[in-house]
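S.K.: Return atomic coordinates for the entry below.
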Amino acid sequence: MSPVRKTNPKLKPEFQRYFWDVDFKELSVQKYPRFIAERILNFGDTESINWLLTWADNDFLEKIIETSRNLNARTRNYWKIILH
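M.R.: Residues are numbered from 1 along each chain as shown. Okay, here's the model as predicted:
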């Protein structure tokens, strides 16, 4: 089962600030859903979080929150509360 609910979500150009260390043009939700979700969960603003929630499956997000080594402790705790 794919974590992507929407057929082909596109990263908005204004989200490039969350991906400072990679080639933004090479990113796609289809190829790197976990990486993109982790960055948005850690650093995203309201607009980017809302965008993430339009395509990411809740089970997928919960799995990231439980298993990711890239989320900081505050972020992990916050999303555990929000999603449960």
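S.K.: Next one: the spatially most central residue of the chain from Lys10, what distance?
M.R.: Geometric centre of the chain, nearest residue: Ala37, 1.4 Å, by C-alpha atoms, centre = their mean. Ala37 is 15 Å from Lys10, where distance means C-beta to C-beta, to the nearest Å. Heads up, the C-betas are built off the backbone N, CA and C, glycines and all.
S.K.: Ok, Tyr78 next?
M.R.: Separation of Tyr78 from Lys10 (C-beta to C-beta): 26 Å.
S.K.: OK, contacts around Trp51?
M.R.: Applying C-beta atoms under 8 Å, 6 or more residues apart in numbering to Trp51 gives the contacts 9, 12, 15, 40.
S.K.: what would those residues look like in a markdown table with distance to Ile82?
M.R.: Output for the contacts of Trp51, formatted as a markdown table (distance: C-beta to C-beta, whole Å):
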| residue | distance to Ile82 |
| --- | --- |
| Pro9 | 20 |
| Lys12 | 22 |
| Phe15 | 20 |
| Ile40 | 13 |
